[in-house]
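S.K.: Here's my sequence, what's the structure:
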Amino acid sequence: MTDRDMSEQRHEISSDPARLDHARIHHWLSTDAYWALDRTREKQDLAVAGSLNFGAYDRATGEQAAYARVVTDHATFAWICDVYVDRGARGQGLGTRIVTAARDHLAPLGVSRFLLATKDAHGVYANIGFAPLEAPDMWMALQVS
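M.R.: Sure, this is the predicted structure:
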């Protein structure tokens, strides 16, 4: 049995907002995620409230083992962000599974453009079809401090 098979048996993925462990998510992101270090709990809770959220939960204990947040219009566009897998659950394909679940949840609604940004997990996302932007010179960003 592969690590992924074991993870599928051990972890359940859900978009039920009532299951989210807000304190745990905030701790993960604000202390261990390079993109969200020092993010306040208030800011994190606002982000969660305005997004579609996915959690991966240990079937035996109910403990949350991973998180992904999606900013979307539920029709054409989705930005997958704040993907985090607990250090104790890494290496089992859980990051791939939670992002795949987000993609599969929105695809039937006609969402045809999914974006994400990563500094260090390109291989994880390439395995499920993500690729570098074809025309990065078309994209712009506004960073407000």
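
S.K.: Only C-alpha atoms from now on, for both contacts and neighbour counts.
M.R.: Will do.

S.K.: so where do the strands sit in the protein?
M.R.: 11-14, 52-58, 64-72, 77-85, 113-115 (DSSP state E).

S.K.: Make JSON lines out of the ones you listed and add distance to residue 123, mean pLDDT and mean neighbour count.
M.R.: Below are the strands of the chain laid out as JSON lines (distance: least, C-alpha to C-alpha, whole Å; pLDDT from 0 to 100; neighbours: other C-alpha atoms under 10 Å):
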{"stretch": "strand 11-14", "distance to residue 123": "21", "mean pLDDT": "98", "mean neighbour count": "20"}
{"stretch": "strand 52-58", "distance to residue 123": "20", "mean pLDDT": "98", "mean neighbour count": "23"}
{"stretch": "strand 64-72", "distance to residue 123": "17", "mean pLDDT": "98", "mean neighbour count": "24"}
{"stretch": "strand 77-85", "distance to residue 123": "14", "mean pLDDT": "98", "mean neighbour count": "20"}
{"stretch": "strand 113-115", "distance to residue 123": "15", "mean pLDDT": "95", "mean neighbour count": "15"}
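
S.K.: so can I have CSV of those showing distance to residue 27?
M.R.: CSV is the format used below for the strands of the chain (distance: least, C-alpha to C-alpha, whole Å):
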stretch, distance to residue 27
strand 11-14, 20
strand 52-58, 15
strand 64-72, 12
strand 77-85, 11
strand 113-115, 25
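
S.K.: Dump the single longest helix found in the chain to PDB, keeping only the CA atoms.
M.R.: Criterion DSSP state H: the longest helix present in the chain is helix 94-106. Listed in PDB are the C-alpha atoms of helix 94-106, where the atom choice follows Å, rounded to 0.1, in the frame of the first residue of the first chain:
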ATOM      1  CA  LEU A  94      -2.200  15.100   1.500                       C
ATOM      2  CA  GLY A  95      -1.300  18.400  -0.100                       C
ATOM      3  CA  THR A  96      -2.000  17.000  -3.500                       C
ATOM      4  CA  ARG A  97      -5.300  15.500  -2.300                       C
ATOM      5  CA  ILE A  98      -6.600  18.700  -0.700                       C
ATOM      6  CA  VAL A  99      -5.800  20.900  -3.800                       C
ATOM      7  CA  THR A 100      -7.300  18.200  -6.000                       C
ATOM      8  CA  ALA A 101     -10.500  18.200  -3.900                       C
ATOM      9  CA  ALA A 102     -10.700  22.000  -4.200                       C
ATOM     10  CA  ARG A 103     -10.300  21.800  -8.000                       C
ATOM     11  CA  ASP A 104     -12.800  19.000  -8.300                       C
ATOM     12  CA  HIS A 105     -15.300  20.800  -6.100                       C
ATOM     13  CA  LEU A 106     -15.300  23.900  -8.300                       C
END
